[in-house]
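1. Sequence plus the predicted model coming up.
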Amino acid sequence: MSSKSRRSAGPGKSGPDDDLPPGLYITATPIGNAADITLRALTVLAGCDLIAAEDTRVSAKLLAIHGISKPLTAYNDHNAVRERPKLIAQLRQGARIALISDAGTPLVSDPGFKLVREVIAEGLHVHAIPGASAVLTGLALAGLPTDKFLFAGFLPTRSGERKTALSEWKTTQATLVFFESAQRLPESLADMVEVFGVRTAAVTRELTKLHEEVRRGLLSDLVAHYEKAGAPKGEVTLIVSPPHEVRADTGRIDSALDKALEFMPVRAAVDLVSEMLEAPRKLVYERALEKKNDG
């Protein structure tokens, strides 16, 4: 596709289309509120030659809101292998292609990564146009530590595989951010309680949209809420705190162990007390052994 004889068509531009250099433009779009798009993103979308979109129907609505009319082509998990060479061929000829996802920043849980990797390998230009992100928006609202965080994407759909994945991040000293289906949220929270134990979390739902909701609390409290209320609706970003520093009350542990050890063996007493007081099992076991040895 030639880079000559282009003219502007639509808002969000500071000059003629030829002001936009050739290359692939990784362009962030709103995650809900259509107003959450940058002036620079509007310039790129109005000035590019082609927009590669995860779903052209979704993207067409956004473009219509901002009065932009540009050729659209689908680029998603289903057709990426077939479409990637076509896009790269156009980039070689000097095209300006904007890559957008259904919502938020491309490459975050979508197939854009492989396209960017191949464009870079070809020695062609990649431009990042930053903007809305469900990951950062959810993190900002959660009230959890932001100095270190890990985005873990979507969890597996089956409980066993989900628990295995969660176990990999159990000791990670960082806030964890997940995308999750609203329908699977109650089951995923229950698996997190089983794997992570005592953690603080925030369920952020429908971010920037009319029915935006943020529900914060212990994982166990969130499980109880959704068991009663049922699965929510909409898009969910789930944020989970790093492992809690448990400041165990050894006095309460000793008191509980004294009573439990009177009628049950050490292992059973340790299981009971550690669960009842939400105390580290290793610490409870050490206290129980001391009591048995002293006795």
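-> Great, that's in hand.

2. For the stretch 1-150 of the chain, which segments count as helices?
-> Applying DSSP state H, counting those that start in this stretch to the stretch 1-150 of the chain gives helices spanning 39-47, 56-65, 80-92, 112-121, 134-142.

3. just checking, what packs against the third one?
-> If contacts are counted by 3 or more C-beta pairs under 8 Å, 6 or more residues apart in numbering; DSSP states H and E, helix 80-92 sits against strand 23-27, strand 50-53, strand 72-74, strand 96-100, helix 112-121. Yep, even glycine has a C-beta here, placed from its N, CA and C like the rest.

4. mind putting these in CSV, distance to E206, mean neighbour count and mean pLDDT included?
-> Output for these, formatted as CSV (distance: least, C-beta to C-beta, whole Å; neighbours: other C-beta atoms under 10 Å; pLDDT from 0 to 100):
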stretch, distance to E206, mean neighbour count, mean pLDDT
strand 23-27, 23, 25, 98
strand 50-53, 22, 24, 97
strand 72-74, 25, 16, 97
strand 96-100, 20, 26, 98
helix 112-121, 24, 16, 95
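
5. still on that earlier bit, would you reformat the helices of the stretch 1-150 of the chain as TSV and include distance to A174?
-> TSV is the format used below for those (distance: least, C-beta to C-beta, whole Å):
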stretch	distance to A174
helix 39-47	29
helix 56-65	32
helix 80-92	30
helix 112-121	22
helix 134-142	11
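
6. Tell me which of these sits nearest to P280.
-> Among the helices of the stretch 1-150 of the chain, the nearest to P280 by C-beta to C-beta is helix 134-142 (25.0 Å).

7. residues in contact with the closest one?
-> 31, 103-104, 108, 146, 149, 151, 175, 177, 179, 201-202, 204, 207-208, 214, 216, 235, 237-239 (C-beta atoms under 8 Å, 6 or more residues apart in numbering).

8. run the last query once more with 7 Å
-> 31, 104, 108, 146, 149, 151, 175, 177, 202, 204, 207-208, 214, 216, 237, 239 (C-beta atoms under 7 Å, 6 or more residues apart in numbering).

9. Give me the PyMOL select line for those residues, limited to the buried ones.
-> In PyMOL syntax, the buried subset of those is picked out as below (16 or more other C-beta atoms under 10 Å):
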select buried, resi 31+104+108+149+151+175+177+202+204+207+208+214+216+237+239
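
10. give me the low-pLDDT residue ranges for the stretch 151-295 of the chain?
-> Within the stretch 151-295 of the chain, the stretches with pLDDT under 70 are 245-249, 295.

11. which residues of it fall in helices?
-> Using DSSP H, counting those that start in this stretch, the helices of the stretch 151-295 of the chain run over 159-168, 185-196, 219-229, 250-260, 266-277, 281-294.

12. how close does A224 sit to V195?
-> 17 Å (C-beta to C-beta, to the nearest Å).

13. who's more crowded, these two?
-> Using other C-beta atoms under 10 Å, the more surrounded residue of A224 and V195 is V195, with 18 against 14.

14. can you tell me which residues contact R199?
-> R199 sits next to 219, 240-241, 244 when contact means C-beta under 7 Å, 6+ apart.

15. ChimeraX command for the buried members of the residues you listed?
-> Buried residues within the contacts of R199, by 16+ other C-beta under 10 Å, are selected in ChimeraX with:
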select :219,240,241
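
16. Save the contacts of R199 as CSV, and put in distance to A98 too.
-> CSV is the format used below for the contacts of R199 (distance: C-beta to C-beta, whole Å):
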residue, distance to A98
L219, 39
V240, 34
S241, 37
H244, 43
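
17. So which of the contacts of R199 belong to strands?
-> Among the contacts of R199, the members falling in strands (DSSP state E) are V240.

18. Go through the contacts of R199 and name the one nearest D55.
-> When those are compared against D55 (criterion: C-beta to C-beta), the nearest one is V240, at 29.1 Å.

19. Do I have it right that that closest one meets T204?
-> No: counting by C-beta atoms under 7 Å, V240 stays clear of T204, with 11.7 Å between them.

20. Around the residue nearest to L238 when sequence neighbours are not counted, how many other residues sit close by?
-> Nearest non-adjacent residue to L238, counting by C-beta to C-beta, 6 or more residues apart in numbering: F178, 4.5 Å away. F178 has 24 neighbouring residues, counting by other C-beta under 10 Å.

21. list the contacts for F178?
-> 152, 155, 238.
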